[in-house]
Structures are given as C-alpha cells and as structure tokens.
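[1] coordinates only, sequence not included:
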Ligand SMILES: Nc1ncnc2c1ncn2[C@@H]1O[C@H](COP(=O)(O)OP(=O)(O)OP(=O)(O)O)[C@@H](O)[C@H]1O
C-alpha cells in the first residue's frame, strides 16, 4: 500500500495520533495535503513552536510558544469539525507531564471525531507511556516518478531536452536521496554548466554516498569480487548464478517473485562475506552494509528509529543488496528483555519487514553462531535459502589456492602444486589459506626471490587453524546442517 492510501486509511479509521518520522517536512506536508483532497471534511492546521498555528486566518499565531495551548485548541473545536493537526517540533515536549496527559486524554476523546494529530520529527522518539497511543507511519523517500518529475521541472527552466537514457540514469542515481538533496545537487550542477550532463550522475552518486554515510548505520560498499573468486562452494554458486537475472523486468514479466535473500551460516573465514560482495558485483547491484553495532549505539529509542531509517533507505535504493554481517551477534538477546526490550523491538521490526517485503532488496545475512540466533530468523519465508558454509574439502582448498595464486602470480601459476598444497593444509579455512600465502610471500620477499611451494608449506606449518580450537562449534554446526536445517554450500565431497 502506498503512503497516501495508508494515511487516508488511518484517518478514516479515526487513528487520533499519528507519528511520521522524516526530515522532509515540506514534502510530507504536501503529501498530506494531496491525500486530504480525496477526503471531505478535513482542514489542515499547522502548528510550530515559534509561529503557533498558521494557515487559518481565525487562529493565526494561536498557541505560539505554548504547546499545551496548541493541544487545547484541538480539544475546544466542536466535535463535528474535521481537521488534521500537523504539529512540528512536538517530540521535544512529549516528556512534559501536562503535554503527555493532554495527549492521552485527546487520544480517547478524538476516537469518535474526524480529527487526527500528526507529529512530524526527524526520528521516532516517543516516551514509554505514550507508545501505545501513537501509530508510527513511515514516509518513503521520493519514488522514481517523483524524482523524474522534479528533474523535468528543474530542467524545464533551462530549455534543455533531456535524452531518455540520461534522464533514467539521473533518476536511478538520485534514488535514496531526499527531495531537498536532489534539488540541491541538481541546481548546483545546472548553475555550474547551464544544463545536466552525464558526469552529473557521478555528482549525484557522491551526494548519495555522503547521505548514506551520514546515517552512520549503512555504508555503500564498493564490491569488485566475482563469483569466480570464490573457491569451492559450488552448490551456493550454482544457486546464485541461476538467479543472475532475477531482478530484471523480464523476470517480473515471466512471473518470478523478487528473490528475498540468503542466510549464510558457518565458522569464521569460510567465504561468507566474500559471497555477499561477489553477489553485488555479479548482479550489478549496489551493496549496502549494515553496521549492526551502530544500530544499537546511542540513546534509548534511537535504535528503533534507526532500523526504520535503514529499511526506508534500503527500499529507496532497491534493487540493492543489504548485507548484514554477524546477524547472530546483533540479535542475540532478542527474546529477552535485558536492555529494556530494545533488541526485541528492533528485531520485531526487522523480522516483520523481512517476512513481508515486496521490494527488490536482497538481504545477505551471515552468522557464525546458530545457537544465539532467534528461531524466527530460521523460519521459512524469511530467506529464500539458508546455506551452511563448512570448512573447505581438499578439492575446495585446491580451488581456493588456485583463486588466490592466479591473482597473485597470474603468469606463474604452473609453479605451484595445488593438489599438494591442498593435501597439506587439512582443516584450513579460506581465510587461513589466504593468510598462509601472505606469510609465504613475506618469506620469499625477505630473501629476494619469488615464493615457492615450500614457503607456502612452511607458512602453513606455523598456522593453527581455527578448526583445531573451535571443534565443538564446528561439530555443532555440522550436525545442525546434517539434520536438514540448511543446505550445504559445498558439493558433497567428503575428501578432507
Ligand atoms: N571460498 C573461498 N574462496 C576464496 N577465498 C576465500 C574463501 N573463503 C575465504 N576466502 C578468503 O578469506 C577472506 C575472508 O573470508 P570472509 O570474510 O568471506 O569469511 P567469513 O566467512 O565472512 O568470515 P567471518 O565470519 O569472520 O566474517 C576472503 O576475503 C577471501 O580472501
């Protein structure tokens, strides 16, 4: 359902208190006004702390610097009078006892009246005692159509006729930005050279990178890895290659649903993060990395708000890959109330979105410890597939050596005995193989010569693979996967 439909539904169903987190005040107010055109009997009243009520000649300036008076005004209007009361700056006053009490009283009396209070704020910040009476509604970032209209409006003043391809590229690059930012970057470009050109796409992308960085929770991650850079994991690679075109228009026309995502479970260093990066690069989609630590840092209440912001942004940037590293660590306490319920509320928001999302956001989550994952994550319908990524078999280790040696010594690959190297490195993970090669290079470099098979074996002998110290964890994961809880990322090849 789009924003306007959802809002009008809430209004018609007499939801008295609606909270809309957004930094796009102006655009939101326009959207509300548009929505109200389809409903009769609803005037808009806008209040802010400095000016009081505006828009309405009879009450101009009423409630100036007095938020309680702003609420009393609503209360005093005759029952039959319909209205939408947009209160700017209001979250700052929600902690005040008189405001809180008045809102709770209003939430009861307005249930039978055609009146709705809408609070706009950059973040959701609602005191505990008021959470029940507010309905939080998300305001999406500008759609492709809105961005297209805005670009056309801005360019019309210059008389330039934009080619379809350039217009499309500009729209695509601007997706995920607020309208204010889009306007700012485009006007700057037009002011600089009187028109819009292909290099401006990069300008917009840079603005987008900055705006994503400012959220501090998502990062635009440049990915250069290919699926062919993953050694072994053939089942997983086949699965991915089969879905290569699954986000295309043709796939939609064919009737295919958007792929939802993957959960990759396994011990450290087996290529899970590498897979996330390779998917983004191979499918030509932007890779957004969620910093889970940041999601939970900061003030109480901010985590929920950040989660919504993250979802909103990912949807605006779709089609994209949302990479959630170590999801087990993020939601370890989701079933308890240890942190005042924050983790469980954030988890609730996230899991609901995961289950219901229609947008082409492909989630790649990785986890090392299945025991600390809330069981809801593993339920069907959350991810398309759960893969167990185990330690590489001997054949896979040879493939991993090959991937890295072809990159490091593309012209001398024949100097290395891949089979022997794989045979001599039992229980090594991909990361440990990479580490071994780096060490071998140090040996060769320090003696002023190229590194050899012997250097690699020497380096390997100095590494104690994690498998030795984490046997219990590995065994647990293997049993879990063998019980049919996950698909094996590797082809069944038991050679160790
Ligand atoms: N199957 C593999 N093929 C090629 N390289 C690999 C493979 N597995 C791991 N590596 C190498 O090890 C590095 C680290 O692996 P990666 O970060 O993907 O592991 P991970 O499973 O995500 O571990 P963690 O749980 O610690 O994040 C990779 O960047 C890559 O260079």
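    Sure, I can see it. All values reported here derive from a predicted model rather than from experimental measurement.

[2] tell me, how many residues neighbour whatever residue of the chain ends up closest to the ligand?
    Residue of the chain nearest the ligand, by Cβ to the nearest ligand atom: residue 430 (2.1 Å). C-beta: built from backbone N, CA, C; applies to glycine. Around residue 430 there are 26 other residues, counting by other Cβ atoms under 10 Å.

[3] look at it and report its pLDDT.
    Per-residue pLDDT puts residue 430 at 97.

[4] same check, this time on residue 298
    At residue 298, pLDDT is 65.

[5] tell me who's in contact with the residue of the chain closest to the ligand.
    Applying Cβ atoms under 8 Å, 6 or more residues apart in numbering to residue 430 gives the contacts 231-232, 269-271, 274, 392, 400.

[6] out of these, which sit inside helices?
    Among the contacts of residue 430, the residues falling in helices (DSSP state H) are 274, 400.

[7] and the contacts of residue 430 near the ligand, which?
    Subset of those in contact with the ligand: 231-232, 269-271, 274, 400, counting by Cβ under 6 Å from any ligand atom.

[8] select only the buried ones of the residues you listed in ChimeraX?
    Per 16 or more other Cβ atoms under 10 Å, the buried members of these correspond to this ChimeraX selection:
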select :231,232,269,270,271,274,400
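
[9] contacts only, for residue 260.
    The contact partners of residue 260, taken as Cβ under 8 Å, 6+ apart, are 354, 357, 362-363, 382-384.

[10] for the residues you listed, which one is nearest residue 74?
    residue 357 (35.9 Å; Cβ to Cβ).

[11] from what I can see residue 14 touches residue 107, true?
    No. Here residue 14 lies out of contact with residue 107, judged by Cβ atoms under 8 Å, at a distance of 10.6 Å.

[12] which of these two has more neighbours?
    A count of neighbours by other Cβ under 10 Å puts residue 107 above the other of residue 14 and residue 107, at 17 against 13.

[13] secondary structure element holding that one?
    Using DSSP states H and E, residue 107 sits within helix 97-109.

[14] list the buried residues in that helix.
    For helix 97-109, burial by neighbour count (16+ other Cβ under 10 Å) applies to 99-100, 102-103, 106-107.

[15] so which elements touch that helix?
    If you count contacts as 3 or more Cβ pairs under 8 Å, 6 or more residues apart in numbering; DSSP states H and E, helix 97-109 packs onto strand 17-21, helix 67-76.

[16] repeat that for 7 Å
    helix 67-76 (3 or more Cβ pairs under 7 Å, 6 or more residues apart in numbering; DSSP states H and E).

[17] before we move on, back to that, ok, the ones next to the ligand among the contacts of residue 430 vs residue 54, which is closest?
    residue 274 (55.4 Å).

[18] what's the following helix or strand after the helix or strand of the chain with the lowest mean pLDDT?
    Scoring the helices and strands of the chain by mean pLDDT, DSSP states H and E places helix 292-296 at the bottom, with a mean of 79. Counting by DSSP H and E, the next helix or strand C-terminal to helix 292-296 is helix 302-317.

[19] for that following helix, which positions count as buried?
    For helix 302-317, a neighbour-count test (16+ other Cβ under 10 Å) marks 302-317 as buried.

[20] low-scoring stretches of the chain, by residue?
    Scanning the chain for pLDDT under 70 picks out 1, 57, 298-301, 333-340, 492-496.

[21] return the residues of it in contact with the ligand.
    Within the chain, the positions adjacent to the ligand are 230-233, 268-274, 366, 368, 400, 403, 430-431, 434 by Cβ under 6 Å from any ligand atom.

[22] what are the contacting residues of stretch 196-211?
    Outside stretch 196-211, the residues within contact range by Cβ atoms under 7 Å, 6 or more residues apart in numbering are 155, 160, 162, 166, 169-170, 173-174, 176-177, 181, 185-186, 189-190, 220.

[23] buried ones in that stretch?
    Buried, per 16+ other Cβ under 10 Å, within stretch 196-211: 196, 200-201, 203-205, 207-208, 211.

[24] got a markdown table for the residues you listed, with secondary structure and distance to residue 10 too?
    As requested, the buried residues of stretch 196-211 are exported to a markdown table (DSSP: H, G, I helix; E, B strand; the rest coil; distance: Cβ to Cβ, whole Å):
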| residue | secondary structure | distance to residue 10 |
| --- | --- | --- |
| 196 | coil | 38 |
| 200 | helix | 39 |
| 201 | helix | 38 |
| 203 | helix | 38 |
| 204 | helix | 34 |
| 205 | helix | 36 |
| 207 | helix | 33 |
| 208 | helix | 31 |
| 211 | helix | 28 |
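
[25] for those residues, work out which two are farthest apart.
    Among those, the pair separated by the greatest distance (Cβ to Cβ) is 196 and 211, at 19.4 Å.

[26] what lies in contact with stretch 99-107?
    By Cβ under 7 Å, 6+ apart, the residues outside stretch 99-107 that reach it are 16-17, 67-68, 71, 74-75, 93-94, 117, 127, 129-130, 133.

[27] are any of those buried, and which?
    Buried by 16+ other Cβ under 10 Å: 16-17, 67, 71, 74, 93-94, 117, 130, 133, out of the contacts of stretch 99-107.

[28] so which residues of the stretch 251-400 of the chain form strands?
    Assigned by DSSP state E, counting those that start in this stretch, the stretch 251-400 of the chain shows strands spanning 261-266, 287-290, 320-324, 361-367, 385-389.

[29] OK, contacts around residue 422?
    Counting by Cβ under 7 Å, 6+ apart, residue 422 touches 394, 397-398, 401.

[30] what helix or strand does it sit in?
    helix 418-423.

[31] show the subsequent helix or strand relative to that helix.
    Tracing the chain past helix 418-423, the next element assigned as helix or strand by DSSP H and E is helix 430-446.

[32] go through that following helix and flag the buried ones.
    By neighbour count on 16+ other Cβ under 10 Å, the buried set for helix 430-446 is 430-437, 439-441, 443-444.
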